[in-house]
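**Student:** pasted the sequence and its predicted model underneath.
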Amino acid sequence: MQSQKSKPRVIKEPQKELGRRIAHVAERLGGKRALAEKVGLSEGQIYRYINAQSDPTSKVLVRIADVAEVSLDWLLKGKPAPLTSSHSKNDNSGVNNRVYLRGSTVISFEAEWLSNQKFGRDPTSLEVIQIESDQEMKPTLGIGDLVIVDLSKREIGSGIYYIRLKDSRAVVRRLQYIDKSTAKVISDDRAYEPILHPIEKLEILGQVVWIGKEYS
């Protein structure tokens, strides 16, 4: 009787992406061993999560998100989620000097600088978004650039907004108020024509209040 060979485990793309985000978290915390110690697991188990050889339980995912100060939605899906809190870190003197903002990525700011900005008075309403593939806001924004979005600002005025389109994509675009029923959605890349969009079908997630980018 011939023994049946076990089929190779098929690794789906979402599992690979989750592994990449766990790897990113581990690197930011000082490596796989550091992450393992913080969540109470072995370094080998973290390695298996990163390489999609094992699926973390919901309890483990919550713990990883908590120790890494990232949203669970980002860890699971790689998508921005509303900021639930901001985090301050102490220096050796015991004085809070950094504020961590999270969203599709995590960055920290000097608390004094942030508090001096008009948008920084309430950091719990702020979320950080990294431009990953959308090119329609060139040259203002390019891939890899960061923006801070104020989630409390959802009324259409003039400026750059974080919005969700009909195809469920969340993107950064300029908005122009036309009348009570219509807004113009504008890309900074002039190769793309402005679009008139019904306001009632336009989901405004927040307004961009800060842009961080590299200049070559």
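**Tutor:** Structure received.
**Student:** which parts of the chain are strands?
**Tutor:** 87-90, 96-102, 106-110, 126-130, 146-150, 158-164, 170-179, 182-186, 195-198, 203-212 (DSSP state E).
**Student:** of all those, which one is nearest Gly40?
**Tutor:** When those are ranked by proximity to Gly40, the top entry is strand 87-90, at 20.4 Å, counting by Cβ to Cβ. Heads up, the C-betas are built off the backbone N, CA and C, glycines and all.
**Student:** so what's the residue count around Glu155?
**Tutor:** Neighbourhood size, Glu155 [other Cβ atoms under 10 Å]: 9.
**Student:** Ser58 now?
**Tutor:** Per other Cβ under 10 Å, the neighbour tally for Ser58 reads 9.
**Student:** returning to what we had before: closest one to Ser42 among the strands of the chain?
**Tutor:** When the strands of the chain are compared by Cβ to Cβ, strand 106-110 sits nearest Ser42, at 24.8 Å.
**Student:** in PDB, list the C-alpha atoms belonging to the closest one.
**Tutor:** Taking C-alpha atoms only, strand 106-110 is exported to PDB below (Å, rounded to 0.1, in the frame of the first residue of the first chain):
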ATOM      1  CA  VAL A 106       3.400  54.700  12.700                       C
ATOM      2  CA  ILE A 107       5.600  57.800  13.100                       C
ATOM      3  CA  SER A 108       6.500  59.900  16.100                       C
ATOM      4  CA  PHE A 109       6.700  63.600  16.600                       C
ATOM      5  CA  GLU A 110       8.300  65.800  19.100                       C
END
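**Student:** for Gln15, what are its contacts?
**Tutor:** Taking Cβ atoms under 8 Å, 6 or more residues apart in numbering, we find Gln15 in contact with Ala52, Asp55.
**Student:** can you tell me how far it sits from Ser71?
**Tutor:** Distance of Gln15 to Ser71, computed by Cβ to Cβ, to the nearest Å: 19 Å.
**Student:** could you give the mean pLDDT of stretch 157-167?
**Tutor:** Stretch 157-167 carries an average pLDDT of 83.
**Student:** before we move on, back to that, so which of the strands of the chain is the most surrounded?
**Tutor:** Of all the strands of the chain, strand 146-150 has the most neighbours on average by mean count of other Cβ atoms under 10 Å, namely a mean of 23.
**Student:** list the helices and strands it packs on?
**Tutor:** strand 126-130, strand 158-164, strand 203-212 (3 or more Cβ pairs under 8 Å, 6 or more residues apart in numbering; DSSP states H and E).
**Student:** picking that back up, so which of the strands of the chain gets nearest Arg48?
**Tutor:** strand 106-110 (23.8 Å).
**Student:** where does this protein have low pLDDT?
**Tutor:** Where the chain drops to pLDDT under 70, the residues are 1-13, 79-106, 120-121, 166-168, 214-216.
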